[in-house]
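Undergrad: I'll drop the sequence and a predicted model, then ask my questions.
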Amino acid sequence: MAEVASGDLAALLDRRAIRLDETAANREDAIRRSGAVLVEIGAVDPSYVEAMLARERSVSTYMGEGVAIPHGTLAGKDAVRRDALAVLRFPAGVDWGGEQVVLCVAIAARGDGHVALLAQLAEVLLDPERALALREATEADEILRLLKPVDEETD
């Protein structure tokens, strides 16, 4: 998929879709908030939020390291206008089926784009230092830097 072939997750992340001081009553609320950001930036139609909730009901999107990656079902693909990410940080944490989630990286992708995005996110999360930095980031620029490919981080 051309949009993510470069491996640059940050390229799919509109600065307006980074929210670093969110609160949510529970997992469903966190997913609704994440989906609302994707709607707000014009990446998805409102119906995509329901597809995200349906995905979560079928399988948890918790990835470990305090991070969840809510995304829609196959049926929700028609509601995706363009590939995009949204990053929401919940400093107080959200109970995610018994796990504490501090960071939601919401994914909107047409076709099989979510597979490449999930793989790239997993690579970031496999580095404990990067995962910790993502969970603790308080500036949008830091989120964007952490989601760039490792080989592009150095100046």
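TA: Sure, I can see it. Treat the numbers as computed from the prediction; the structure is a model and nothing was measured.
Undergrad: low-scoring stretches of the protein, by residue?
TA: 1-7, 113-114, 150-155 (pLDDT under 70).
Undergrad: Spatially central residue in it, please.
TA: Val105 (1.5 Å; C-alpha atoms, centre = their mean).
Undergrad: thinking it is in contact with Val87, fair?
TA: Yes. Val105 is in contact with Val87 according to C-beta atoms under 8 Å; the separation is 5.5 Å. Every C-beta, even on glycine, is put in place using the N, C-alpha and C of the backbone.
Undergrad: The longest strand along the chain: which residues count as buried?
TA: The longest strand of the chain (DSSP state E) is strand 84-96. The neighbour-count check on strand 84-96 (16 or more other C-beta atoms under 10 Å) flags 84-90, 93-94, 96 as buried.
Undergrad: I'd guessed Leu85 sits against Val105; true?
TA: Yes. Assessed by C-beta under 8 Å, Leu85 is found in contact with Val105 at 6.1 Å.
Undergrad: sorry, back to before: so what's the residue nearest to the centre of the chain closest to, chain neighbours aside?
TA: If the residues on either side of it in the chain are set aside, Val105 comes closest to Ile69, at 5.1 Å by C-beta to C-beta, 6 or more residues apart in numbering.
Undergrad: Take the buried residues of strand 84-96 and lay them out in TSV including distance to Tyr62.
TA: Below are those laid out as TSV (distance: C-beta to C-beta, whole Å):
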residue	distance to Tyr62
Ala84	21
Leu85	17
Ala86	17
Val87	16
Leu88	15
Arg89	16
Phe90	13
Gly93	12
Val94	10
Trp96	5
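Undergrad: Tell me which two in those residues are the farthest apart.
TA: Greatest spatial distance in these: Ala84 and Gly93, 24.8 Å, computed using C-beta to C-beta.
Undergrad: what does the host helix or strand of Met63 contact?
TA: Using DSSP states H and E, Met63 sits within strand 62-64. Residues outside strand 62-64 that contact it (C-beta atoms under 8 Å, 6 or more residues apart in numbering) are 68-69, 96-97, 99, 101, 121-122, 125.
Undergrad: Buried members of those into PyMOL, please.
TA: In PyMOL, this line selects whichever of the contacts of strand 62-64 come out buried by 16+ other C-beta under 10 Å:
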select buried, resi 68+69+96+99+101+121+125
